[in-house]
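[1] Need a 3D model of the following:
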Amino acid sequence: MSAYDYLIIGGGMVADAAARGIRERDDTGTIGILSADVDEPYARPALSKKLWVDPDFTWEQTPLGTSDATGAEITLGTLVTGIDREAKTVTTDTGETVSYGKLLLATGSKPVEIDVPESTRILFFRSASDYRRLRELSEGNTHAVVVGGGYIGTEIAAALAQNHVEVDLVFPDEVLGASTFPPSLAERFQELFVEHGVGLVPGRRVERVRAEVRAPYDEATAEAAEAAEAVETVETATGAPSPDTTPDGVTVVFDNGAETEADFVVFGLGAKPVVDLAEDSGLVVDDGGVVVDEQLRTIDPSIWAAGDIAVYPDPVLGQTRVEHVDNATEMGAAAGRSMAGAAEPYSHTPYFYSMVFGTRWEAVGTLDPELDVLDAALPESGESDQSRVTYFRDESGAPVGVLLWDVGESEALRDAARAVIDDGVTSTEELRTRIR
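    So this is what the prediction gives:
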């Protein structure tokens, strides 16, 4: 039976950061990482961003070098199926038992899916394997349907469009981004896609997908088959035979019954945290995640949780759960330090970001256009005359979310956004000039 001083379940960016956090305080303790992925930890944001738009950035630059940096033993393609908290062991899908001194749950999220047939042309985008497959599918003059108007859907649509793929983007809002941005910014966000030739299918959902398309009608082939097999041909309204189908594409069926054909379809419908292992082992699961304290420890003093799955007390946002990369790396490192004996609480309030067609936006807190919205220019720190700061305010007028539109990477701006929420500023005039 394998045994580790520190065992991490999950092989993403949280696991990498946690192993490094452990090494900040413990040079010699053994670290094991059990990952269901087939790749060692890598920079996940690159899968839908930099790998598609930066020709100097290649896949070889995405691995994080976890094992070399920390000495962690990484076991890939391994699903943990159970935790015995009393014995301090875990069981894998191969029947192996692994013991631990301290355990970190970093199981992350999995993509939201709908029922579809088995096909390599249908992707629910999440992993490096999905990225590699999407690269293969996008070679040549191809046509893609991308489903979803959130982070992944819009980033993948933009990435494909910038790589000579004809793209149709399907989303439920009437204006792309309307569930996230105030109306004026949502319209500008949508314009970015229109300007780059993306076909928009607003106000629609995908009901189902068929792993087939109509085969091109070949009159000579049809006549030969008819003669050889004496097959009675079904006439269409134009008098031509109904075409056969081929698996060389997909047919996407919308909720209004309309259909469209494409070479492949990519779904970006969001993600849901993988908490079944924690739940089955009797840990507290609430608000969609595993509940932890300020040190990121669960109700079991030997088990921590971090990343997408952790519901934790944020000093600015309150009890919350965050699925973005800044939280993964910062919380992962903090969890590693905590496992190795550090006593300080996790106090980092994470930001999240996206970038499409060269326009980057960042945010802290809750973005809800149904709230009271206050918009102001960013004359000093923005990237262009389009740069804005938008405050999403509660009933008292205090911001619960801050959106920074068309900005570069600036920790000072992020800190200013955090401070505005933490300070509870309600003065409209003060907010207009608070972040410049």
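[2] Residue 24 touches residue 339, doesn't it?
    No - assessed by CB atoms under 8 Å, residue 24 is found out of contact with residue 339, at 10.9 Å. Every residue, glycine included, has its C-beta placed from N, CA and C.
[3] Quick check on those two: which one has the bigger neighbour count.
    Comparing residue 24 with residue 339 by other CB atoms under 10 Å, the one with more neighbours is residue 339, at 30 against 12.
[4] got the contact list for residue 391?
    Residues near residue 391 by CB atoms under 8 Å, 6 or more residues apart in numbering: 373, 374, 375, 376, 399, 401, 402, 403, 420, 431.
[5] that's a strand at it, yeah?
    Yes - applying DSSP: H, G, I helix; E, B strand; the rest coil, one finds residue 391 inside a strand.
[6] Tell me how far it lies from residue 413.
    Distance, residue 391 to residue 413, by CB to CB, to the nearest Å: 14 Å.
[7] so how far is residue 35 from residue 402?
    For residue 402 relative to residue 35 (CB to CB), the value is 35 Å.
[8] Look at the two and report which has more neighbours.
    Using other CB under 10 Å as the criterion, residue 402 and residue 35 rank with residue 402 on top: 27 against 24.
[9] Thought residue 423 was touching the more buried one, still the case?
    No - applying CB under 8 Å, one finds residue 402 not in contact with residue 423, separated by 11.6 Å.
[10] element containing residue 91, please.
    Element membership of residue 91, judged by DSSP states H and E, is strand 89-92.
[11] Okay, buried residues for that strand please.
    Under the neighbour-count criterion of 16 or more other CB atoms under 10 Å, strand 89-92 has 89, 90, 92 buried.
[12] partner residues bridging the first one?
    I take that to be residue 89. On the basis of DSSP bridges, residue 89 is bridged to residue 84, residue 99.
[13] Sketch out the low-pLDDT regions of this protein for me.
    By pLDDT under 70, the weakly predicted segments of the chain are 217-243.
[14] If we use 90, what do you get?
    Low-confidence segments of the chain (pLDDT under 90): 1, 141, 215-245, 379-386, 408, 436.
[15] partner strands of the helix or strand residue 311 falls within, parallel or antiparallel?
    If you go by DSSP H and E, residue 311 is part of strand 310-314. Taking DSSP bridges as the criterion, strand 310-314 sits next to strand 289-291 (parallel), strand 318-320 (antiparallel) in its sheet.
[16] Just say which of those is most tucked in.
    strand 289-291 (a mean of 24; mean count of other CB atoms under 10 Å).
[17] Show residues contacting it.
    For strand 289-291, contacts defined as CB under 8 Å, 6+ apart pick out 105, 273, 275, 278, 283-285, 298-299, 305, 308-311, 321.
[18] And stretch 416-426, by the same measure?
    315-317, 349, 351, 362-365, 389, 391, 393, 396-402, 404, 431, 434-435.
[19] Which positions within it qualify as buried?
    Residues 416, 417, 418, 419, 420, 421, 425 are the ones in stretch 416-426 that count as buried (16+ other CB under 10 Å).
[20] Can you tell me the closest non-neighbouring residue to the spatially most central residue of the chain?
    Taking CA atoms, centre = their mean, the centroid of the chain lies closest to residue 152, which sits 5.7 Å from it. Distance criterion CB to CB, 6 or more residues apart in numbering; nearest residue to residue 152, sequence neighbours excluded, is residue 268 at 3.3 Å.
[21] what's the answer for residue 22, then?
    Residue 22 sits nearest to residue 336 (CB to CB, 6+ apart), 4.2 Å away.
[22] can you check residue 400 too?
    That would be residue 366: by CB to CB, 6+ apart, it lies 4.8 Å from residue 400.
[23] That neighbour is in contact with residue 399, isn't it?
    No - using CB under 8 Å, residue 366 makes no contact with residue 399, being 9.2 Å away.
[24] Between these two, which has more neighbouring residues?
    residue 399 (27 against 15).
[25] So what sits opposite the closest residue to the more buried one other than its chain neighbours in the bridge?
    Nearest residue to residue 399, sequence neighbours excluded (CB to CB, 6+ apart): residue 391, at 4.3 Å. When bridges are called by DSSP bridges, residue 391 pairs up with residue 374, residue 402.
[26] What segments of this structure are helices?
    13-25, 50-53, 66-70, 128-137, 151-161, 183-195, 219-229, 276-280, 325-339, 411-423, 428-434 (DSSP state H).
[27] which of the residues in the third one are buried?
    It stands for helix 66-70. For helix 66-70, using 16+ other CB under 10 Å, the buried residues are 66, 67, 70.
[28] now, which of those sits nearest residue 384?
    When the buried residues of helix 66-70 are compared for distance to residue 384 (CB to CB), residue 66 wins out at 37.8 Å.
[29] isn't that closest one right up against residue 39?
    No - the criterion here is CB under 8 Å, and residue 66 misses it with residue 39 at 11.0 Å.
[30] Mind listing the shared neighbours of these two?
    Counting by CB under 8 Å, 6+ apart, no residue touches both residue 66 and residue 39.
[31] Let me see the contact set for the closest residue to residue 172 other than its chain neighbours.
    Nearest non-adjacent residue to residue 172, counting by CB to CB, 6+ apart: residue 205, 5.6 Å away. Residues near residue 205 by CB under 8 Å, 6+ apart: 170, 172, 254, 255.
[32] Could you report the separation of residue 205 from residue 267?
    In terms of CB to CB, residue 205 sits 11 Å off from residue 267.
[33] neighbours around residue 123, how many?
    As a burial measure, residue 123 scores 24 neighbours (other CB under 10 Å).
[34] Looking at strand pairing, list the partners for it.
    Beta-bridge partners for residue 123, by DSSP bridges, are residue 266.
[35] List the contacts of it.
    130, 133, 134, 137, 264, 265, 266, 267.
[36] Using TSV, lay out the buried residues of helix 66-70 together with distance to residue 58.
    Formatted as TSV, the buried residues of helix 66-70 follow (distance: CB to CB, whole Å):
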residue	distance to residue 58
66	19
67	20
70	24
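[37] quick check, nearest of those to residue 156?
    Using CB to CB, the buried residues of helix 66-70 come closest to residue 156 at residue 66, 26.1 Å.
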